[in-house]
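Q: whatever this is, show me its structure:
(2 chains)
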Amino acid sequence: MRYLMTTKGGAEADEKLFAEMGAFVEEMTKAGVLLATGGLEPRGLLVNSSGGEITVTDGPFLEAKDVVAGFALVEVRSKEEAIEVARRFRKIAGDGESQIWQVFG
Amino acid sequence: MTVEDVHRTIDAVWKLEAAKIVAALTRLVREVGLAEELAQDALVAALEQWPSQGIPGNPAAWLMTTAKRRAIDHLRRLERLERKQEQLAHELEQAPEPEPEQGDDVLRLMFVSCHPLLSTEERAALTLRLLGGLTAGEIARAFLVSEQAVVQRVARAKQALADAGVPFELPDGAELAERLSSVLEVIYLIFNEGYSATSGEDLIRPALCLEALRLGRMLAGLAPGEPEVHGLVALMEIQASRSAARTGPSGEPLRLHEQNRGRWDPLLIRRGMAALLRARENPRPPGPYVLQAAIAVTHARARTAEETDWPQIAALYDALLHVLPTPVVRLNRAVAIGMVRGPEAALAIVDELTGDPSLKDYHLLPSVRADLLARLDRPAEARTEFERAASLARNAAERAFLLDRAAALPAAPPDQGVTLAEAAEAFLTRDDLTPSTRRSYTQTLHRLLRALGARTPLTTLTPDHVARAFTTAWPDAAPKTWNRHRAAVRSFTDWTSAPPRAWLETDLSSSLPRHRESGAPRTPLHPDEFARLLARPDIPLRERALWSLLYESSTTIAEALALNVEDLNVEDLAPDRLPAAADLLLGLAAGRTRGPVFLSDRRPAPSRTPGPADLCPDTGRRRLSYERAEYVFKQKTKPLDPSGRGYTLHQLRHARPR
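A: Model (predicted):
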C-alpha cells in the first residue's frame, strides 16, 4: 500500500542534517520503499471554485510552522511500516509535524 | 499503546530490518540457518520487553544490537575463535552505526538464499523469509500452501545450505552470472506468482508483487552495475503499473488492448523506463530481462492499443528468442507476428508449437490459437480451442473469462454429430468395464480430451491428431505405459464404431505404433564399465559400498537397504565372498555401533522423522530410501548407457557374470 507523507517544520538545515537526510533517502530508495520525494515551494497557488466560478490567486499564506515543506510517496506493507518510516524521518528532521495519508488507486 | 499496537510496530520494524540483521549475523556465525534463529531470538526479546518497557528510541538499532549480542553469546558458548570474539565485542561497542559493508552482506545473503542447489520453491520461501522478514504463515498464504509446507521448505533449505557448506561470499567471474540469474529467477517467480496468480480465485496477489518489487529494487541498489538486474526491475515496474487496469469491474481479466490506459500508473511506468535506461547504459548486448523490459516499455509508450509499435515488438521478440529460445517466447513472438503480418502467419508458428510436450498443459497456447482462429473467421474451431484453454487454466477468473469467450462464438453446426466428450462419457459409463479398466481408460481419454478439445466432433478427428496428442502427452512414457494408452484408444475406437452407434469410420489408433516392451535389446551394464565407475573419484563411499554389495552378493536391494550396523558380521564379510564390498561396508559403518548402514544425506525435517529403527542414533539421519538409491545410480550411470536413461539397481544385480 502507498502512503503520502508531508512534512512541516523541523530543525534548521545544516550540513549534518543534509548528509543524514541524504543517506536516509538513499537507504529508503534502495530498500524499494521510497517511490518519489520532493520539496515544495513555501507558497503555491490557490484555485477556488465558487458558484461555478474559478479564481486563481497566490497563496495559501501560511505561518512558517504550517508551511508544507516536502512530501514523500512510500510503498510499504502496512500502516505501521509507514509510521516507522516517518519516525525515522522525524528523528533526522527534528521537531515538527508529519502527516500521513494512505493513497488509493 | 496497546500490546497489539506494539506487536504491530515490532512486526513493521522487523520486516524493514530483517535482511540487514540476518545478513549481519550470517557474517558473524557463517551459517544462514543459525543466523536466522539468532535473529528470531532478538525478535522474541522485543516482543517480551517492548510492551512493558516501551518502544526504544531507535527500534532498528535495538534489534540489531540485541541480535548481535545473541550471536556473540553463541560464539562464546562455542568457545572458539577467542581473539575474534574480543574483536567483535569491541566493534559492537565502538560502532552502532551501520558498517560500510552492510549492503554487501545483504547481497551475499541474497546469493545464498537463492543458491542453485536449492529447489525453486525452497529458494522463494527462504528469500521471502530471510530478506523480506515474512513469517511462514504469510508465505504460506501468499503461495496458497500449508504453513507446514513452508516450514518444511525453509528447514530443508537451511539444512541443505549447511550440509553443502555454502560460503557467505559474493561469487565472481563466470559464477557470478549464473548465480545472479538464479537470484533474478527467484524474484521474478515471486512477482509472477503475485501478478498472474497461477491458481486460486484472485487474479493478482498484490502482497507478493510488492515483495518482489522491493527485493528487485533492493538488488538494483546493491548491484548497480548489472544491467539484467535493472532489466528485471524495469519489467516488474511496468507490469505492476498495469495492476489496476488488468481486471474489469467483476474481476475478469482484461487483455492489454482492452485496458483503460488511463489507469496505468504513470509513476511506476516512469520508474520502469528509468530502470531500463540504466540497464542500457551498459554496453553489453541486452539479456533476456532487458529485452522483456524493452517490450513492456514499448507497450507502455502507446497511448492507445492502436498506436502500439508492433514491428518494434516483433523485432524485440526476435532478439529475445536468440537469448531465451523457449516455447513460451516463441508463442509470444507469434502473437506479435500476428499483429504485424496477420493471423495466418502467426497460426503457422503456433501450430508448430502444439506438438511441444512442455506446452501440453499451458492454457495460453490454445487461447492464442483460438484468438487467431477467430480472426481467420473459423469460429467453430476457435470455440473448441477456447474451451480447451479453459479446461487447462488453473485460475478461476481466467477460466471463467475463457469460457465466456467460447460462449460468444457459434458452436459447431449440430449435424456434426457426437462430440469427443459425449463419446468418451458413453464409453466410460458402459456397465461391462471392470473398475480398474475404467480407471485406466479414463486416464487416457481425459488426456485426449484436454489435448483435442472436449467438444470436437468425433468424426473430424483423424489418426494423426491422436498420434500427435500421444507424442505430446507421453513423450518419454515407458513402452508398457504407451501401449496401455494405445490399447485404450483401440478399445474406444472399436466400441464407438460398432453398431448400433457407428459414430466412427476410421481407426483412431492406426497411426499409433505399438512400442516394444521388455526383452527389447538393451545394452547391459558391462562389468569393466562397472569397475571403472567404482573407481571414479566423484562416487561417494556409500554408493560404492551399496553397489559393490549388490554386485557381489545375491542380496536383494531391499535387504541391502535394510542392513543395520549390528547385522554386519565378519563371516559374511569375508573378503573372498565380497572382495570389494567388505572393506567398503566396514569403512561406511566405522565408528558406529548400530542403526542403518546406508544413510540419507540429510536429516529428515522434524515432521518427517521416521521410527527409531530407521534413524541413525549418532547422526540423526534416516535410512536411505529405495527411490533415492535408485535415482543416484541412474544419474551416475547415464553416461554409460547408450540409451541415455541410466541403469537401474536391478540391472546392476544382474550385471555380474555368474
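Q: tell me the secondary structure at A:Gln102.
A: Classification of A:Gln102 by DSSP: H, G, I helix; E, B strand; the rest coil places it in strand.
Q: contacts only, for it.
A: A:Gln102 sits next to A:1-3, A:79, A:82 when contact means Cβ atoms under 8 Å, 6 or more residues apart in numbering or on different chains. Every C-beta, even on glycine, is put in place using the N, C-alpha and C of the backbone.
Q: among those residues, which one has the most neighbours?
A: In terms of neighbours by other Cβ atoms under 10 Å in any protein chain shown, these top out with A:Ala82 at 24 neighbours.
Q: can you point out the buried residues in the host helix or strand of it?
A: A:Ala82 belongs to helix A:79-93 when assigned by DSSP states H and E. For helix A:79-93, the neighbour count (16 or more other Cβ atoms under 10 Å in any protein chain shown) marks A:80-90, A:92-93 as buried.
Q: picking up where we left off before, what's the farthest-apart pair in the contacts of A:Gln102?
A: Within the contacts of A:Gln102, A:Arg2 and A:Lys79 form the most distant pair, 11.5 Å apart (Cβ to Cβ).
Q: still on that earlier bit, show residues contacting the helix holding A:Ala82.
A: Outside of helix A:79-93, the residues within contact range by Cβ under 8 Å, 6+ apart are A:1, A:3, A:5, A:7, A:10-11, A:17, A:20-21, A:24, A:28, A:33, A:72, A:74, A:76, A:96, A:98, A:100, A:102, B:8-9, B:11-13, B:15-16, B:58-60.
Q: and stretch B:173-189, by the same measure?
A: Contacts of stretch B:173-189 (Cβ under 8 Å, 6+ apart): B:110-111, B:114-116, B:120, B:123-124, B:127, B:170-171, B:212, B:215-216, B:219, B:223, B:226, B:228-229, B:232, B:235-236, B:289.
Q: identify those among these that sit within helices.
A: Assigned to helices by DSSP state H, the following of these qualify: B:110-111, B:120, B:123-124, B:127, B:212, B:215-216, B:219, B:228-229, B:232, B:235-236, B:289.
Q: can I have the buried ones of the residues you listed as a PyMOL selection?
A: Entered in PyMOL, the line below selects the buried ones among those, by 16+ other Cβ under 10 Å:
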select buried, chain B and resi 110+111+123+124+127+212+215+216+219+228+229+232+235+236+289
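Q: among the ones in helices among the contacts of stretch B:173-189, which two are most distant?
A: Applying Cβ to Cβ across those, the maximum distance is between B:Phe111 and B:Leu235, 20.7 Å.
Q: backbone phi and psi for the nearest residue in space to B:Gln159 that is not next to it in sequence, please?
A: In space, B:Gln159 comes closest to B:Arg602 once its chain neighbours are excluded; the distance is 5.5 Å by Cβ to Cβ, 6 or more residues apart in numbering or on different chains. Note on B:Arg602: its backbone torsions stand at phi -120, psi 160 [degrees, to the nearest 10].
Q: how far is stretch B:568-577 from where the chain is centred?
A: Chain-centre distance of stretch B:568-577: 46 Å, with Cα atoms, centre = their mean, to the nearest Å.
Q: how long is stretch B:221-234 from one end to the other?
A: By Cα to Cα, to the nearest Å, the extent of stretch B:221-234 from end to end equals 13 Å.
Q: could you pull out the buried residues of that stretch?
A: Taking 16+ other Cβ under 10 Å as the criterion, stretch B:221-234 shows B:221-223, B:226-234 as buried.
Q: flag every residue of chain B that's near chain A.
A: By Cβ under 8 Å from any Cβ of the partner chain, the residues of chain B that approach chain A are B:8-9, B:11-13, B:15-16, B:58-60, B:103, B:207, B:210, B:213-218, B:220-222, B:244, B:267, B:271.
Q: any weak-confidence spans in chain A?
A: For chain A, residues meeting the criterion pLDDT under 70 lie at A:105.
Q: quick one: the strands in it?
A: All strands of chain A, identified by DSSP state E, fall at A:2-8, A:34-39, A:45-50, A:53-58, A:68-75, A:97-103.
Q: just the residues contacting stretch B:579-598, thanks.
A: Residues contacting stretch B:579-598 (Cβ under 8 Å, 6+ apart): B:534, B:541-542, B:544-546, B:548-549, B:551-553, B:560-568, B:573-575, B:578, B:614-618, B:622-624, B:629.
Q: among those residues, name the ones in strands.
A: Using DSSP E, none of the contacts of stretch B:579-598 sit in strands.
Q: what subset of the residues you listed is buried?
A: Taking 16+ other Cβ under 10 Å as the criterion, what is buried in the contacts of stretch B:579-598 is B:542, B:544-546, B:548-549, B:551, B:553, B:560-565, B:568, B:578, B:614-616, B:622-624, B:629.
Q: what's the local residue count around the nearest residue to B:Glu529 once chain neighbours are set aside?
A: Distance criterion Cβ to Cβ, 6+ apart; nearest residue to B:Glu529, sequence neighbours excluded, is B:Leu640 at 5.2 Å. Other residues near B:Leu640 number 16, with proximity taken as other Cβ under 10 Å.
Q: flag the shaky bits of the stretch 301-450 of chain B, pLDDT-wise.
A: B:412-415.
Q: tell me the residue of it that sits nearest chain A?
A: In the stretch 301-450 of chain B, the residue that lies nearest chain A is B:Arg303 (19.6 Å; Cβ to the nearest Cβ).
Q: for that residue, which non-adjacent residue is closest in space?
A: B:Arg303's closest residue in space is B:Arg261 (Cβ to Cβ, 6+ apart), at 6.4 Å.
Q: what residues does chain A have near chain B?
A: A:29-33, A:35-36, A:73, A:75-78, A:80-81, A:83-85, A:88, A:91, A:105.
Q: how about low-confidence regions in the stretch 451-600 of chain B?
A: In the stretch 451-600 of chain B (pLDDT under 70), the answer is B:518-523, B:575.
Q: and the closest residue to A:Leu45 other than its chain neighbours, how many neighbours does it have?
A: Spatial nearest neighbour of A:Leu45, chain neighbours left out: A:Val56 (6.1 Å); criterion: Cβ to Cβ, 6+ apart. When neighbours are defined as other Cβ under 10 Å, A:Val56 has 9 of them.
Q: go on, B:Leu210?
A: Residues lying near B:Leu210 (other Cβ under 10 Å) number 21.
Q: now the helix or strand hosting it and strand A:68-75, what's the angle there?
A: Element membership for B:Leu210 (DSSP H and E) is helix B:206-222. If you take axes from the mean of the first three to the mean of the last three Cα atoms, to 10 degrees, helix B:206-222 sits at 110 degrees to strand A:68-75.
Q: contacting residues around helix B:206-222?
A: For helix B:206-222, contacts defined as Cβ under 8 Å, 6+ apart pick out A:29-33, A:75, A:77, B:19, B:103-104, B:106-107, B:110, B:127-128, B:131-132, B:134, B:138, B:142, B:183-184, B:187-188, B:190-191, B:193-195, B:229-230, B:232-233, B:236-237, B:240, B:243, B:275, B:278.
Q: buried ones among these?
A: So, by 16+ other Cβ under 10 Å, the buried ones in the contacts of helix B:206-222 are A:29-33, A:75, A:77, B:19, B:103, B:106-107, B:110, B:127-128, B:131-132, B:134, B:138, B:142, B:183-184, B:187-188, B:190-191, B:193-195, B:229-230, B:232-233, B:236-237, B:240, B:243, B:275, B:278.
Q: quick one, what contacts B:Glu552?
A: B:577-581, B:656.
Q: ok, back up a step: can I get the buried residues of helix A:79-93 in CSV including distance to B:Ala157?
A: As requested, the buried residues of helix A:79-93 are exported to CSV (distance: Cβ to Cβ, whole Å):
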residue, distance to B:Ala157
A:Glu80, 28
A:Glu81, 26
A:Ala82, 31
A:Ile83, 33
A:Glu84, 29
A:Val85, 30
A:Ala86, 35
A:Arg87, 34
A:Arg88, 32
A:Phe89, 36
A:Arg90, 39
A:Ile92, 38
A:Ala93, 41
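Q: re earlier: the residue nearest to B:Arg303 contacts B:Arg246, correct?
A: No. Using Cβ atoms under 8 Å, B:Arg261 is not in contact with B:Arg246, being 11.7 Å away.
Q: nothing else from me, thank you.
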